[in-house]
Each structure stands twice: as C-alpha cells, then as structure tokens.
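*Asks:* just coords:
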C-alpha cells in the first residue's frame, strides 16, 4: 500500500497564465489543491523535487501531505500537465481527501508467473486488455498495483476481473466482469487459419 508522502510547497499568490509562466521561469511548477468543499489553494512546487517524486513511480496512487507554510493538506494527484516538447510537468492538480474516504484511482496491473503458463510456453502470447483498472477504494488503502497470476493458463483462456484479488474495501468503478487479459494463439497459427479459410 502507498504510504503518505510529505511534499513541501509554497503559497502562490499570483494566478493566471502570466503568473504561471513566471513561476516556471523561477524553477517551480504551479499547482492547485481543491475539493472537500473548501476553497482551492494555489501553490508552487520545486521543479527538481517534483521530478524526483515522479520518477519514483506510483504518483497517482500516492496520498501526499502537502505542507504549505503552517498548513497541511492531504491530497492525491488527479491530473498533471506536461510540456509537449520536453515532457516536463507544467501544472499539477491535487484533490483533497479525508482519511478513509472512498476515492477513484487508476491502479496498474502486473502479471506474474509467465513461465508457469502452458499456453505461453506453447508459443501463445499474453494479450493485455487492461494495463490499469479503475478502483473505488479507501484513500488510506490504495494498492500500488493489482497482480494477475498466469499459472496454469492455456491458449484461449481469459482472465476476468472477478478472478483478480482486490484489496479489502475496494471495488471496480466499472460494474461488470470485464476482461483483463487473455492468452492468444501463436501468430503463425492465426495466420495459417486465416489462409485456410481464404482457400476454402
């Protein structure tokens, strides 16, 4: 589970495009904290510190304690804008959260035990339908990822979300038993089947 991470910020008095550009020129990234029926708080984050945090991974499944002067805000990132040319962050939106409240987050899916899948050993390929799954989960119990065990899967087998272990108190935002992944037949076999159908 993701732990609360402290993020030190500064108040950003200016708003608008001009103020945001000036903030970036000074090496900071403008951001806003909103939600929980409170007034939005405009802040700025030290650019290098934000990049280090992003590179650690799990940014959108991490609860941050954002310290602004003498105030502290618990929030989760909801959106990040990046420069189209260099990919550097240009703005971050944070959503305030109350401890234990349900929130919706996208959680990455990891696959394990590839070598224990007869279908993959026979030349089949893992066809991933969902690289992330959107969960409704208590904000103090956000998983870093969901794990799919490929043990025993044959060619043609499908993994539905009902077969994936979810954290306690979590549910999927999509209310149906959707496909997460499947074991597809070898490409040569598919091509051969297609050629046979064409000749017939």
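*Replies:* Ah, there it is. Every value quoted in this text rests on a predicted model; they were computed, and no experiment measured them. Numbers count the residues shown, from 1 in each chain.
*Asks:* in the protein, which spans are strands?
*Replies:* 5-11, 28-35, 38-46, 64-68, 71-82, 89-96, 102-112, 125-128, 132-138, 146-149, 158-160, 171-172, 179-184 (DSSP state E).
*Asks:* Specify the angle between the last one and strand 102-112 in degrees.
*Replies:* Right, strand 179-184. Our comparison of strand 179-184 with strand 102-112, counting by axes from the mean of the first three to the mean of the last three CA atoms, to 10 degrees, yields an angle of 10 degrees.
*Asks:* Over to the second one?
*Replies:* An angle of 120 degrees separates the directions of strand 28-35 and strand 102-112 when computed by the same axes, to 10 degrees.
*Asks:* Remind me what strand 28-35 packs against, helices and strands.
*Replies:* helix 17-25, strand 38-46, helix 47-55, strand 71-82, strand 89-96 (3 or more CB pairs under 8 Å, 6 or more residues apart in numbering; DSSP states H and E). Where C-beta positions appear, they are placed from N, C-alpha and C, glycine not excepted.
*Asks:* now swap in the shortest one and tell me
*Replies:* Contacting strand 171-172 under the criterion 3+ CB pairs under 8 Å, 6+ apart are the following elements: strand 132-138.
*Asks:* Next one, pLDDT for residue 18 please.
*Replies:* pLDDT for residue 18: 80.
*Asks:* Would you mind giving the domain segments of the protein?
*Replies:* Domain segmentation of the chain under automatic domain parsing yields 5-98, 103-199.
*Asks:* returning to that earlier point: okay, the helices and strands packed on strand 28-35, which one's buried deepest?
*Replies:* strand 89-96 (a mean of 19; mean count of other CB atoms under 10 Å).
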